[in-house]
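Prediction below, plus the sequence it came from.
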Amino acid sequence: MKYNVAGIELQLIEGDIAAQPDIEAVVNAANAQLKTGGGVAGAIHRAAGPKLEEACRDLAPIQVGEAVITSAFKLPNKYVVHTLGPVYGQDKPEAELLARCYKNSLHLVEECQLKSVAFPAISTGVFGYPIKEAAEISLKTVKETAEELKKIKLIRFVLYSRSDFKVYSAVAEKIFD
């Protein structure tokens with residue numbers, strides 16, 4: 001699915017965040033220590049190789065909602081933006097913190113003068129954020145932030161499962177149509 005948001009192409013696809021060769025920066029749903037983990041962090045770290053964890057060492061720990069950037073090493077991208085999403089039911093106010101992940105990541109990509117970025121569904125794995133709520137927050141945040149972005153031309157949401165893709169698609173239709 002594709003939408004135009006303030007002159008930026010917004011795409012929703014089902015796929016693997018670590019396999020987006022046409023994107024300059026991919027976003028890692030990181031842990032506070034920026035180490036290899038499960039889910040998105042595991043996939044990105046495995047694909048990037050051990051140098052990614054080395055590059056993250058001096059940047060950790062990060063706070064919930066914060067975003068930092070490193071080289072992408074063996075990934076097909078130039079950069080990895082690492083952001084720490086909230087643990088649902090634990091980190092408060094979770095909606096504001098989740099929105100901050102997307103906003104801070106977008107501003108970092110913009111500062112680096114990159115034209116494209118791909119996001120996973122941050123916090124919806126082991127951090128337990130309900131997918132529909134996460135979709136609403138992330139897509140609304142992109143819509144609200146798009147006006148501020150001058151360099152970014154493509155924002156892609158890469159949803160790992162068919163069910164997550166369907167939820168994001170339904171939410172996007174309500175927000176962007």
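Received, thanks.

Give me the neighbour count for the residue nearest to Gln113 when sequence neighbours are not counted.
Spatially, and ignoring its direct neighbours in sequence, Gln113 is nearest to Lys151 (5.0 Å; Cβ to Cβ, 6 or more residues apart in numbering). C-beta here means a position set from N, CA and C on the backbone, and glycine is covered the same way. Using other Cβ atoms under 10 Å, Lys151 is surrounded by 13 other residues.

how about the helices in the protein?
39-48, 50-56, 94-111, 131-146, 162-176 (DSSP state H).

so who does Gly128 touch?
When the contact criterion is Cβ atoms under 8 Å, 6 or more residues apart in numbering, the partners of Gly128 are Val87, Tyr88, Gly89.

ok, those residues vs Val167, which is closest?
Nearest to Val167 among these: Tyr88, at 15.4 Å, using Cβ to Cβ.

any idea how far Val27 is from the closest one?
Using Cβ to Cβ, to the nearest Å, we find Tyr88 at a distance of 18 Å from Val27.

Check Lys51 too.
From Lys51 to Val27 the distance is 19 Å (Cβ to Cβ).

quick one, which of those two is more surrounded?
Neighbour count, other Cβ under 10 Å: between Lys51 and Val27, Val27 has more, with 30 against 13.

these two touch, right, that one and Thr83?
Yes: using Cβ atoms under 8 Å, Val27 is in contact with Thr83, at 6.1 Å.

Next, show the common contact partners of the two.
With Cβ under 8 Å, 6+ apart as the test, Val27 and Thr83 both reach Ala67, Ser105, Ile122.

so how far is Pro120 from the second one?
As for Ser105, its distance to Pro120 is 11 Å (criterion: Cβ to Cβ).

one step back: pLDDT score for the residue nearest to Gln113?
Lys151 carries a pLDDT value of 98.
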